[in-house]
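In: 3D model of this:
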Amino acid sequence: MPTQIDMADENTGTEELTESVEQLRLRLNAMKKIIDDPDKKLRRRPPPGNTIIDGSFLSVVFTVVLLMIICVSVYAFVNLYFAIVKKFHPKQHTEL
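Out: Numbers count the residues shown, from 1 in each chain. Below you'll find the predicted structure:
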């Protein structure tokens, strides 16, 4: 199926495209002015390093959590082991 191209539609499309490019440039310039405004710089995030939660703090927290998970897992498996041993190997009674 051959495609037909209407030349009149292409010309109006180019004008609309040019207008939208100009509008986008105006928007971009307005955003740059907002970002570069010195009064607005006071509201930006504090620089990294001034926060209490940094990489080393998070690594300590995750290490502690990992150790707690390992300890609880070992505790659970030890209790499970002793329960199984007690179930299948009862103590010998010497009363009789």
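In: domains for this structure, by residue range?
Out: In the assignment given by automatic domain parsing, the structural domains of the chain cover 7-45, 53-96.
In: is it possible to export those domains to CSV including mean neighbour count and mean pLDDT?
Out: In this view, the C-beta of every residue, glycine as well, is placed from N, C-alpha and C. Shown next, in CSV, are the domains of the chain (neighbours: other CB atoms under 10 Å; pLDDT from 0 to 100):
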stretch, mean neighbour count, mean pLDDT
domain 7-45, 9, 71
domain 53-96, 9, 90
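In: show me what contacts I69?
Out: Residues counted as contacts of I69 (CB atoms under 8 Å, 6 or more residues apart in numbering): none.
In: Tell me the secondary structure at it.
Out: helix (DSSP: H, G, I helix; E, B strand; the rest coil).
In: Same question for I53.
Out: Per three-state DSSP, I53 ends up coil.
In: May I have the phi/psi pair for it?
Out: Backbone torsions of I53, given as degrees, to the nearest 10, read phi -100, psi 100.
In: what separates it from F62, distance-wise?
Out: Between I53 and F62 the computed distance is 12 Å (CB to CB, to the nearest Å).
In: Same check on V74?
Out: Taking CB to CB, one finds V74 at 19 Å from F62.
In: again, but for H93
Out: Taking CB to CB, one finds H93 at 51 Å from F62.
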